[in-house]
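Asks: quick one, structure for this:
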Amino acid sequence: MTRALDSLKGLFYKARPLGAAVAALWVSVAAAEVVNGAQIPDGSQKVGELRYRAPHDFEKTLEYYKSVYPASAFPRRSVVNQPGVKAVHIVNPSGRNFEGLNIYEANDEVRIYVVPLQAAPAPAKPAKKSEPKSGKKSR
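Replies: Alright, predicted model coming up:
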């Protein structure tokens with residue numbers, strides 16, 4: 001009597017369609033570029049320091065960021081909503097590596113700006129009076 005677990009039938013595993021879809025999504029997110037800790041969609045073109053041109057339209061870019069940075073953990077706020085211009089700011093609540101992302105559409109282009117951390121100003125050090133090292137006063 002042969003048990004099902006002892007047979008070679010399980011040797012050839014077929015992936016389920018849902019598993020393949022999840023794996024494809026994971027690969028697309030994992031292939032994204034990371035800039036200062038922020039993910040940039042795959043296929044984006046660098047156009048300046050911390051500025052990128054997104055490969056998709058505004059809505060698809062926002063969908064991408066909804067999957068990468070869920071709205072429940074990364075608050076969003078509308079920056080601009082004028083004719084021809086849309087902009088959304090995604091806040092990085094951890095405050096590590098980057099402050100947030102600005103995603104905006106203008107002139108039929110979607111751009112992404114990684115908002116860098118603002119360097120805290122260094123505390124002012126009190127100026128010391130210079131005294132001669134030998135302890136003698138100079139003339």
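
Asks: which residues of the chain score low on pLDDT?
Replies: 1-31, 119-139 (pLDDT under 70).

Asks: tell me where it has strands.
Replies: 33-35, 38-40, 45-48, 51-53, 76-82, 85-91, 98-106, 109-116 (DSSP state E).

Asks: which strands or helices does the longest one pack on?
Replies: Applying 3 or more CB pairs under 8 Å, 6 or more residues apart in numbering; DSSP states H and E, we find strand 98-106 packed against helix 58-68, strand 76-82, strand 85-91, strand 109-116. Quick note: C-beta positions are derived from backbone N, CA and C, even for glycine.

Asks: list the strands paired with it, with their directions.
Replies: strand 85-91 (antiparallel), strand 109-116 (antiparallel) (DSSP bridges).

Asks: for Asp42, which of these is the nearest?
Replies: When the strands paired with strand 98-106 are compared by CB to CB, strand 109-116 sits nearest Asp42, at 12.4 Å.

Asks: coming back round to it: TSV for the helices and strands packed on strand 98-106, including distance to Gly43?
Replies: Below are the helices and strands packed on strand 98-106 laid out as TSV (distance: least, CB to CB, whole Å):
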stretch	distance to Gly43
helix 58-68	11
strand 76-82	23
strand 85-91	19
strand 109-116	12
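
Asks: okay if I get the ones you listed as CSV plus mean neighbour count?
Replies: As requested, these are arranged in CSV below (neighbours: other CB atoms under 10 Å):
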stretch, mean neighbour count
helix 58-68, 16
strand 76-82, 11
strand 85-91, 18
strand 109-116, 19
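
Asks: out of the ones you listed, which gets nearest to Gln39?
Replies: helix 58-68 (5.1 Å).

Asks: right, and His89 touches Val79 too?
Replies: Yes: judged on CB atoms under 8 Å, His89 makes contact with Val79 at a distance of 5.1 Å.
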